[in-house]
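Enquirer: Turn this into a structure:
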Amino acid sequence: MPHTGHHGWRENIFVGSSSVARSKSSAITLTTTHLRQVNMLRSLSIFTSLALSTLAASTNLTISFNTPGDAGCGAKDSSNALTFTTGSIPPSRQCFNIEELFRGNESQSQGSRIEHSAGSSEPYEAILWVVYKANQFRPGLNYSQISYLQRNTSSPEEGKDAARLFEVYSGRDCIASDSSDGSVHPWFGWTCQGPIDGSCSTVPYSVASFQVGSAWEINSRGGGQCWDAALKGAAAGRDRVAVNAAIVAILAAAITSLLL
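Expert: Residues are numbered from 1 along each chain as shown. Have a look, this model is predicted:
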């Protein structure tokens, strides 16, 4: 299930000179101090958007979504790629619905989410992001091709642990299901650093939502293996069980034929 903060979050979307704020919880009240902090974040976002104008910034997690078969795999030179980039490492996992994130008519916009931590009335910035080419979003297209770029500022090396977790889902709100037919699909996760020019993956469904968080919990587990487009979820487990059962059945049939 998606995790979007313990005590709700406030989302600020900045497009041009205007801003739109959405609250996940009605329990959040913005005081004058909080408003000043949000205004400071707005200035920071505008500054950050200029700093992030080069999408291949090695300090960021940069993701592009495109239709399968695109030669550029959603890279920055693709005219139809929907691109999300962030330099934040959110302390709690942040879920984004594709249709909501890219619903604007602007080619570039930036936003942030403000959360409240347990035992504190002061808000903090959970994540700050920039979106490119939202005006190219079309609800009916199959956004199953993913360009993934994440490199560490220190010790950048493909296949080694990255700072952020990235996951994609077939359903809204980071749920591994398709509400149109009730089917359950696997979800895919990344916690590894990719190649310097990014990697390309195609999943078996149009991505409806994705999640960003810290990769520490995954990468600190035993085994020392980070995720690289790793197949996860209940559906993935059922697929593996079905394959294993088929192998067992074949072996059993072969042994039986030898014994007869």
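Enquirer: So which residues of the stretch 1-150 of the chain form helices?
Expert: When assigned using DSSP state H, counting those that start in this stretch, the helices of the stretch 1-150 of the chain occupy the ranges 32-51, 98-101.
Enquirer: rank those by mean pLDDT and give me the bottom one.
Expert: In terms of average pLDDT, helix 32-51 trails the rest of these, at a mean of 44.
Enquirer: where does this structure have low pLDDT?
Expert: 1-58, 74-79, 178-182, 222-223, 234-260 (pLDDT under 70).
Enquirer: from what I can see Y205 touches H185, true?
Expert: Yes: judged on C-beta atoms under 8 Å, Y205 makes contact with H185 at a distance of 5.3 Å. In short, each C-beta sits where N, CA and C put it, glycine included.
Enquirer: Number of residues surrounding the nearest residue to S206 once chain neighbours are set aside?
Expert: Sequence neighbours aside, N142 is the residue nearest to S206 in space, at 4.5 Å (criterion: C-beta to C-beta, 6 or more residues apart in numbering). N142 is flanked by 15 other residues according to other C-beta atoms under 10 Å.
Enquirer: Residue numbering should commence at 374 henceforth.
Expert: OK, 374 is where the count begins now, so the last one is N515.
Enquirer: so what's N515 up against?
Expert: Applying C-beta atoms under 8 Å, 6 or more residues apart in numbering, one finds that N515 lies in contact with T440, P441, S579.
Enquirer: Restricted to buried residues, select those residues in ChimeraX.
Expert: The command below creates a ChimeraX selection of those among those that count as buried (16 or more other C-beta atoms under 10 Å):
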select :440,579
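Enquirer: What is the nearest of the contacts of N515 to S480?
Expert: Nearest to S480 among the contacts of N515, counting by C-beta to C-beta, is T440 at 18.4 Å.
Enquirer: Before I go, just wanted to say thanks for your time.
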